[in-house]
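Novice: How does the following fold in three dimensions:
(chains A, B, C, D, E and F)
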There are 6 protein chains.
Amino acid sequence: MASQHIGTARSDWASKTYEEVESVADADGSILIVPIGSVEQHGHHLPVATDTILVDAVAHLAAERVEADVPLLVTPPFWSGFSPHHMSFGGTITLDFDAMLEAIENVAASALKNGFDALLLLNGHGGNRSLISAATSTIGEEHDDVEVLGLTYFSLAARFVAEIRESELGGMAHGGEFETSLMQHLRPDLVKEDRIEGSMLDEPYELGIRDLVEGGPLAVYREFEEYSHTGAIGAPELATPEKGEEIYERLGDEMERLLREVHERNA
Amino acid sequence: MASQHIGTARSDWASKTYEEVESVADADGSILIVPIGSVEQHGHHLPVATDTILVDAVAHLAAERVEADVPLLVTPPFWSGFSPHHMSFGGTITLDFDAMLEAIENVAASALKNGFDALLLLNGHGGNRSLISAATSTIGEEHDDVEVLGLTYFSLAARFVAEIRESELGGMAHGGEFETSLMQHLRPDLVKEDRIEGSMLDEPYELGIRDLVEGGPLAVYREFEEYSHTGAIGAPELATPEKGEEIYERLGDEMERLLREVHERNA
Amino acid sequence: MASQHIGTARSDWASKTYEEVESVADADGSILIVPIGSVEQHGHHLPVATDTILVDAVAHLAAERVEADVPLLVTPPFWSGFSPHHMSFGGTITLDFDAMLEAIENVAASALKNGFDALLLLNGHGGNRSLISAATSTIGEEHDDVEVLGLTYFSLAARFVAEIRESELGGMAHGGEFETSLMQHLRPDLVKEDRIEGSMLDEPYELGIRDLVEGGPLAVYREFEEYSHTGAIGAPELATPEKGEEIYERLGDEMERLLREVHERNA
Amino acid sequence: MASQHIGTARSDWASKTYEEVESVADADGSILIVPIGSVEQHGHHLPVATDTILVDAVAHLAAERVEADVPLLVTPPFWSGFSPHHMSFGGTITLDFDAMLEAIENVAASALKNGFDALLLLNGHGGNRSLISAATSTIGEEHDDVEVLGLTYFSLAARFVAEIRESELGGMAHGGEFETSLMQHLRPDLVKEDRIEGSMLDEPYELGIRDLVEGGPLAVYREFEEYSHTGAIGAPELATPEKGEEIYERLGDEMERLLREVHERNA
Amino acid sequence: MASQHIGTARSDWASKTYEEVESVADADGSILIVPIGSVEQHGHHLPVATDTILVDAVAHLAAERVEADVPLLVTPPFWSGFSPHHMSFGGTITLDFDAMLEAIENVAASALKNGFDALLLLNGHGGNRSLISAATSTIGEEHDDVEVLGLTYFSLAARFVAEIRESELGGMAHGGEFETSLMQHLRPDLVKEDRIEGSMLDEPYELGIRDLVEGGPLAVYREFEEYSHTGAIGAPELATPEKGEEIYERLGDEMERLLREVHERNA
Amino acid sequence: MASQHIGTARSDWASKTYEEVESVADADGSILIVPIGSVEQHGHHLPVATDTILVDAVAHLAAERVEADVPLLVTPPFWSGFSPHHMSFGGTITLDFDAMLEAIENVAASALKNGFDALLLLNGHGGNRSLISAATSTIGEEHDDVEVLGLTYFSLAARFVAEIRESELGGMAHGGEFETSLMQHLRPDLVKEDRIEGSMLDEPYELGIRDLVEGGPLAVYREFEEYSHTGAIGAPELATPEKGEEIYERLGDEMERLLREVHERNA
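Specialist: Numbers count the residues shown, from 1 in each chain, chains lettered A, B, ... in the order given. Modelled structure (predicted):
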């Protein structure tokens, strides 16, 4: 039977009645998480919704860790992101920057009316980074009484990933060791094991991005076909479900710590 | 484990690699379905994502019926709609009209680049009707070579629902006999049976809307609290899962007929 | 002498001084009607402003019927509508969807400041239907204390036209039996009797539109040249001024009933 | 009978079939005139549509003078303008600057597709001056092959009005000697002779506006209630229909000269 | 050393601390001047920033004349203007009309929060005229309690320039006798004396512009390459630094008179 | 004499004729630098234009280092940025996010028409970071044939500043040791030595920003008055002109390396 797309986890906004939503939002130190993903090419071996799947999973993992103590809801994920640089490959659905920013502002404006004390825009797509940062500012400016936060979840991995990775710098980029491992752990049914192939990230500018978790200060606009003929960038062949699990749990630890801090500071 | 929000049905765009998306889109008479729902109050007994759950289910039911013969993909559902008239209750997430229109146009513009021959905007929320109709025009105008269609799925029920319903006119409105029956069939875990309560639709204007499936010519803007103190409008107490199943299958019949017609006319 | 374009009927906003406008608007149960037409091709025999002429006439007919009892003003008609689907023929002036929506919102915002209790957007062009419906929502949302209504006048004919028409379904579409009869009655000087020629509406989708007064649930974007080589759709050759007069008076009856209802409900 | 709002003059776009529109537009040196007026308070004695009535009359007068030799059409008038400075009085309908600019750009874009060689935006409202000038630039930029012109008709009077006027500088402003005379000539039925009252224009800045036909270089934003308690500015009590006729004919002379020049330069 | 671009004049907003800005703004009759220039081709002999240089100089000259008595600040100049008609030459940076209007509105909205009693938008570029006039209206409408003024500085020269000029009408246009003289006086280092060459302004329409300081009522959109092969229009060969100095001082006299009037009227 | 605001450095776009601009842009590997600053409160001791002064200085320093070998121009600086979080203090001029983004896109679109091979958006204001990153994407998307880069100049200091600073983490933030030292070196005339006072950056979130050159992954929206009662954040009392000089020269080294790399990669 279809209709599996809306979940039933305790913290799912979508599965609640409006009275239940209000009841959570009214509680002291309540948090709203909006996961923001993308549908864009992820090489030959990963599904186009990889970023949406992962950010949604991380949001719910975090929620499960704290929901006994922290009043919190998670909206369904934004499944379309800002991905003009992927359009030279197929399978990509992209929003214009300003249309996406306005949609996120609209979601925040109506959702926050229920009384949440904090909002976390949780992003899972590299192309959305500046947009999430912009939205944090424009929403923060509009909502004086709400703590407005923005975070790209895989940035958290900078704190622990060196202990796990086997690839050199450049191996954890777009559909590389990091994302492939997570998908092998979380959605092995969606990974085409026999089509795994990527190119190490090789941004020519010394000041440019080096990896999913290590960026230089220079922003460079580049169509992804300049980096990789498959569309995947990094070393997906080094991915394992075990690494995926470890990364996932460590992300959960970081997220848990953050959510507890947000709750306490706004209770 | 979380991450259940992205499905694995054969026709799920999200679960495909970009090569698979292109392969379907390239086929003769290919169809793209974009389900468009809402997150808005649905009374005391139904979840706020009811419209998204139902339109997504109908889209996938239709896809399953024809996917053996018709090349077709379904995007994840738009889960936020145009619902200013529900904001006096909580639990509602609404987009501005123009922001939502632009987002749908963006999705169509990038998705259609893969080569689909037809696009069906499949809507499941009354408040989105004019928006879907508008988007059909603006997208159709931009994409000469694509058959652009818009449909609110429950309008299809006008052809058969009299055979099923027990309620008088006004009993199938917002969270009434129709939607509650469908939810009891599809997602009984999300129906609060002990909180079922609605008010029959009683639009005072003779020319106004009479029911989910029968509208007069007059558009009236009305906050939903004018119609119902619970937020549900219609006769949800008459709902049964059996009716839900019958409605669902009959919707599937109608959708199947339409999709085969679209495919044939554009192959 | 020129300058006949602004009328002098008792209910004409344009011909009043500002003090007179305020005086009507201040009265209990006052109504503002904004007629919304179009300038777009209407086949070989009708002028491009047909929709504007007819909606303006219906608005004033309705006003005359009730103005002794109901405080009411009619603005000049919007003469340009949303008609991208007519651009393959000449003679058409079209606004972008969002520009037209914003213009109508602006007109409402400034006009309603005078104190009207109700607003009726009265539309006369098929291509404007979704726009009028959208405007009813966005204006209604902005103006809590005003009853905001939208109506496409020829939808009213569904209630009586079977008694008058000679054409089969498909004969009353764009410049067909219905509109041509009305024009022969109201503006025979603008009908080219020797150029009357149309094609019966033959929308291939079973769920698509059937007639001016009977639409299926499926919205289809189609350039009008797909329907007719002259631009006129329907059976204009069956039109007579007598039918036009009867339709006109019956529309007047429906409109009168509606305006009295609006007045009473908001007095 | 209603429906008098759309004229039947030889040069009326609205009354033509689409074939007739194309035929004029295709001719060498063809000109399209778009009259742009306003609905805004005009004191106690003049109707709110005064600017629309006058600019429409001047456009048709000019057309009649040359239509034997010059292929030319006139659209219906824009009856709503940019008038925020009149909102402190009632009776005013105003568009936002950008909405009005976009609407004019849309009208030009679709109308010019018929093949006109020149476009004249003919304005009749002081508040629209910068908007018409802006539209001349933005439309000119978009349409390389069309001569795009903008003109506020009463500026033409600077060349002859001293010979006619009795009032001092400041007597011909908003609803003053000039406009009242024209209305007495053209639409005496709409002038309330017993309510004629105005205040001489007394802009305090030496560099500011002095009169309808004489402006200093300094733009000053001022609500009109600062100038006049009735809303009329100037010396309407000096108006006569004879002056109105003379002004009107002299305007016709100027317009005729201009249209012939436009035609010759673009034939 | 670089960083000379932000000045240190007593009235420079940019060089003040925020406390100093507030202190000036709070004083009675305080004035904010926003100079608005352009970067666009100015023929073979003048730099592209000529309009910005001159309007900035005039703003500061005026400020110096009155700053002992009048509380006043000058923002840095807008250096990019509305110049689509110059794009056929190189060296031009232009903003879209609506983007520039919005930017000026934003600057005014935040700057006026400090408490200024008056705002003068001082323009130095012909292409910005309608934009400055529009901005005066839209900003004036938003800020009831502030005197909002707009002025194109070279319009002031109409009052005295006949005493100074040697060129016929048409010699003071774009990079002609007027602007070249001013630049020879103010920034001789930026004038290429050996490349001075222009074409007399020869607008064919009798009602069109005649000169920088004398315009007819007709707005004509024209790419500047239609007027001049070098891009300069007028008689730059008649320019002298002495004329430049005299013009500059006379402009200073006019500006001083205006600023004192503004101060007094708003103290 | 005023008019010092437009420089005469060899690489100043503003001071060139249009022929000179084109000549640089046409050369192989040509680079356009657009400095983007801000006018916003900088505590009691620094001028509001500090960010504009510094980014402009760094742009010109870099240009001087390479202009003998690299064809390159620098536009005047954008002096207004995105600073809603500073509005609780005075002296700030802020643009809306989308207005500023559109203005930068417009500048790029017209400037790049001259033929530059690369564009560097060089930012000097923390609040602009996401905007510059967004602009890099949207401009990059529009201009396939141009290398589009974005950089916040003080991020470069992360590579060397530990060798220079005396303050702990948190001492180099907004108007702290870093910016004050640079200003003491570059514009000592604009530093109020007797008003130097700041508060160490103390962002409570562990994952939040730590310093001008060290940021955590979490974006937090915070009005600056939450961080500091003077508006300055960091340790400005540790600033010296010597440190400023050293930082400045090291920034020059980094910028020089980058510009040479850009030139070589695009020649």
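Novice: Tell me the pLDDT of whatever residue of the stretch 1-150 of chain A ends up closest to chain F.
Specialist: Residue nearest to chain F within the stretch 1-150 of chain A (C-beta to the nearest C-beta): residue A:140, separated by 2.3 Å. Any C-beta I mention is one placed from the backbone N, CA and C, and that applies to glycine too. Per-residue confidence (pLDDT) for residue A:140: 96.
Novice: where exactly do the strands run in the stretch 101-250 of chain A?
Specialist: Taking DSSP state E, counting those that start in this stretch as the test, the strands found in the stretch 101-250 of chain A are A:118-123, A:147-152, A:172-174, A:219-220, A:233-234.
Novice: Could you name the helices and strands sitting against the fourth one?
Specialist: Taking 3 or more C-beta pairs under 8 Å, 6 or more residues apart in numbering or on different chains; DSSP states H and E as the contact definition, the neighbouring helices and strands of strand A:219-220 are helix F:129-142, strand F:147-152.
Novice: Among these, which comes closest to chain A?
Specialist: With C-beta to the nearest C-beta as the measure, helix F:129-142 is the member of the helices and strands packed on strand A:219-220 nearest chain A (2.3 Å).
Novice: Establish whether that closest one and chain A are in contact.
Specialist: Yes: under the criterion of C-beta under 8 Å from any C-beta of the partner chain, helix F:129-142 makes contact with chain A via F:129, F:130, F:131, F:132, F:133, F:134, F:136, F:137, F:138, F:139, F:140, F:141.
Novice: returning to what we had before: which one of the helices and strands packed on strand A:219-220 lies closest to chain E?
Specialist: Distance to chain E, taken as C-beta to the nearest C-beta, is lowest for helix F:129-142 among the helices and strands packed on strand A:219-220, at 13.0 Å.
Novice: Contacts for that closest one next, please.
Specialist: Outside helix F:129-142, the residues that touch it by C-beta atoms under 8 Å, 6 or more residues apart in numbering or on different chains are A:82, A:84-85, A:97, A:127, A:129-131, A:133-134, A:136-137, A:219-222, F:36, F:81-82, F:97, F:100-101, F:104-105, F:108-109, F:119, F:121, F:123, F:146, F:148-152.
Novice: Quick one, which of those are buried?
Specialist: A:82, A:84-85, A:97, A:127, A:129-131, A:133-134, A:136-137, A:219-222, F:36, F:81-82, F:97, F:100-101, F:104-105, F:108-109, F:119, F:121, F:123, F:146, F:148-152 (16 or more other C-beta atoms under 10 Å in any protein chain shown).
Novice: so the residue in the stretch 1-150 of chain A positioned nearest to chain D, which of the three states?
Specialist: The minimum distance from the stretch 1-150 of chain A to chain D, using C-beta to the nearest C-beta, falls at residue A:98 (15.4 Å). Following DSSP: H, G, I helix; E, B strand; the rest coil, the label given to residue A:98 is helix.
Novice: Would you agree it is in contact with residue F:98?
Specialist: Yes: if you go by C-beta atoms under 8 Å, residue A:98 and residue F:98 touch, sitting 5.5 Å apart.
Novice: Next, the buried residues of stretch A:80-93.
Specialist: By neighbour count with 16+ other C-beta under 10 Å, stretch A:80-93 contains the buried residues A:80-87, A:89-93.
Novice: Only the C-alpha atoms, please, for it, written as CSV.
Specialist: Written as CSV, here are the backbone C-alpha positions of stretch A:80-93 (Å, rounded to 0.1, in the frame of the first residue of the first chain):
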residue,chain,number,x,y,z
SER,A,80,13.9,20.0,-3.5
GLY,A,81,16.9,22.2,-3.0
PHE,A,82,19.2,24.7,-4.8
SER,A,83,21.1,22.7,-7.4
PRO,A,84,21.8,24.6,-10.6
HIS,A,85,25.3,23.1,-10.7
HIS,A,86,23.9,19.6,-11.1
MET,A,87,21.6,20.4,-14.0
SER,A,88,24.1,19.2,-16.6
PHE,A,89,23.3,15.8,-15.3
GLY,A,90,19.7,14.5,-15.3
GLY,A,91,17.4,13.6,-12.4
THR,A,92,17.8,16.9,-10.7
ILE,A,93,14.9,19.1,-9.5
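Novice: starting at the chain centroid, how far to it?
Specialist: 16 Å (C-alpha atoms, centre = their mean, to the nearest Å).
Novice: bridging residues for the residue lying closest to residue A:136 once chain neighbours are set aside?
Specialist: Residue nearest to residue A:136 in three dimensions, not counting chain neighbours: residue A:150, with 3.5 Å by C-beta to C-beta, 6 or more residues apart in numbering or on different chains. Residue A:150 has the following beta-bridge partners by DSSP bridges: residue A:121, residue F:219.
Novice: Looks like residue A:150 contacts residue A:118 (just checking).
Specialist: No: the pair residue A:150 and residue A:118 fails to qualify as a contact (C-beta under 8 Å) at a distance of 11.8 Å.
Novice: For residue A:158, grab the count of nearby residues.
Specialist: 16 (other C-beta atoms under 10 Å in any protein chain shown).
Novice: ugh, typo on my part, it should be residue A:145
Specialist: 8.
Novice: do the same with residue A:69
Specialist: For residue A:69, using other C-beta under 10 Å, the count is 11.
Novice: Name all residues that make contact with it.
Specialist: Applying C-beta under 8 Å, 6+ apart, the residues contacting residue A:69 are A:260, A:263.
Novice: So which residue is dead centre in chain A?
Specialist: Central residue of chain A (C-alpha atoms, centre = their mean): residue A:124, 1.9 Å from the mean position.
Novice: what sits against the closest residue in space to that residue that isn't next to it in sequence?
Specialist: In this structure, residue A:124 finds its nearest non-sequential neighbour in residue A:55, 2.7 Å apart by C-beta to C-beta, 6+ apart. Counting by C-beta under 8 Å, 6+ apart, residue A:55 touches A:35, A:36, A:37, A:77, A:122, A:123, A:124, A:125, A:153.
Novice: could you say what helices and strands the biggest helix by length in chain A packs with?
Specialist: Looking across chain A with DSSP state H, the single longest helix is helix A:241-266. On a contact count with 3+ C-beta pairs under 8 Å, 6+ apart, helix A:241-266 meets strand A:31-36, helix A:50-66, strand A:118-123, strand A:147-152, helix A:177-186.
Novice: Specify the angle between it and helix A:177-186 in degrees.
Specialist: Helix A:241-266 runs at 90 degrees relative to helix A:177-186, counting by axes from the mean of the first three to the mean of the last three C-alpha atoms, to 10 degrees.
Novice: Please work out the angle formed by the directions of helix A:241-266 and helix A:50-66.
Specialist: Using the same axes, to 10 degrees: helix A:241-266 against helix A:50-66 is 60 degrees.
Novice: mind listing what's buried in helix A:241-266?
Specialist: By 16+ other C-beta under 10 Å, the buried positions in helix A:241-266 come out as A:241, A:243-244, A:246-248, A:250-252, A:254-259, A:262-263, A:266.
Novice: Much appreciated, bye for now.
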